[in-house]
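Visitor: requesting a structural model of the entry that follows:
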Amino acid sequence: MTLTGHDLAVWCVGILPDVGIMLTGSADKTVRIWKTGKCTAVLKGHTDAVRGIAVIDSENFLSCANDASVRRWNVSGECIGTYYGHENYIYSMALMPNGADWVTSGEDRSVRIWEKNAVVQTIYLPAISVWSVCVLENGDVAAAASDGNIR
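Guide: Next up is the predicted model:
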């Protein structure tokens with residue numbers, strides 16, 4: 001299956017398997033919701049490329065973008081929150097094990113831990129960009145950086 005509809009490069013994808021929905025984020029500044037191979041909604045709100053998606057549950061998900069924001073959406077396409085905490089592009093995000101909090105990384109040399117929709121910890125790395133983050137089951141965070149190291 002090939003999904004077409006974004007105007008520019010697609011940077012990220014998320015799946016809500018319980019409800020048969022696929023989510024995509026693009027350099028065209030949109031998030032698209034797909035069901036059975038058809039685009040059912042185009043979500044606008046980010047002002048720059050969408051770089052990451054994190055699925056919270058079968059009804060809600062997060063997106064992050066080069067506009068330095070994180071947005072919370074529901075599957076109806078409504079933006080139900082916009083959060084700021086980075087100084088530059090946000091490249092990646094992942095949910096914490098509790099399924100409610102998250103971690104982000106970006107061009108501002110940082111990994112940021114979010115609880116209750118606010119940054120509670122900032123970890124600066126000795127690299128220009130922190131390209132990707134993931135969270136282990138025990139809550140440890142791994143970050144991939146532009147200096148060739150994983151921390």
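
Visitor: looks like residue 99 contacts residue 55 (just checking).
Guide: No: because the distance of 9.6 Å does not satisfy C-beta atoms under 8 Å, residue 99 is recorded as not touching residue 55. All C-beta spots, glycine's among them, are computed from the backbone N, C-alpha and C.

Visitor: who's more crowded, the two?
Guide: residue 55 (18 against 11; other C-beta atoms under 10 Å).

Visitor: run through the bridge partners of the more buried one.
Guide: Residue 55 forms beta bridges with residue 61, as assigned by DSSP bridges.

Visitor: and the gap between it and residue 84?
Guide: In this structure, residue 55 lies at 21 Å from residue 84, with C-beta to C-beta, to the nearest Å as the measure.

Visitor: for the residue nearest to residue 128 when sequence neighbours are not counted, the count of nearby residues, please.
Guide: With C-beta to C-beta, 6 or more residues apart in numbering as the measure, residue 146 is the residue that lies nearest to residue 128, at 4.8 Å, once sequence neighbours are left out. By the criterion of other C-beta under 10 Å, residue 146 has 13 neighbours.

Visitor: if I look at residue 146, how far off is residue 69?
Guide: In this structure, residue 146 and residue 69 are separated by 22 Å, where distance is defined by C-beta to C-beta.

Visitor: ranges for the strands of this protein?
Guide: Under the criterion DSSP state E, the chain carries strands at the ranges 10-16, 21-26, 30-35, 38-44, 50-55, 60-65, 69-74, 79-84, 90-95, 102-106, 110-115, 118-124, 130-135, 141-145.

Visitor: compute the inter-axis angle for the fourth one and strand 60-65.
Guide: Read it as strand 38-44. Interaxial angle of strand 38-44 relative to strand 60-65 (axes from the mean of the first three to the mean of the last three C-alpha atoms, to 10 degrees): 60 degrees.

Visitor: just the C-alpha atoms of strand 38-44, please, in CSV.
Guide: Taking Å, rounded to 0.1, in the frame of the first residue of the first chain, the C-alpha atoms of strand 38-44 are listed here in CSV:
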residue,chain,number,x,y,z
LYS,A,38,-7.5,6.9,2.9
CYS,A,39,-6.7,10.3,4.4
THR,A,40,-9.6,11.2,6.7
ALA,A,41,-8.1,14.4,8.2
VAL,A,42,-5.4,16.9,7.7
LEU,A,43,-4.4,18.5,10.9
LYS,A,44,-2.9,22.0,10.8
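
Visitor: cheers, nothing more for now.
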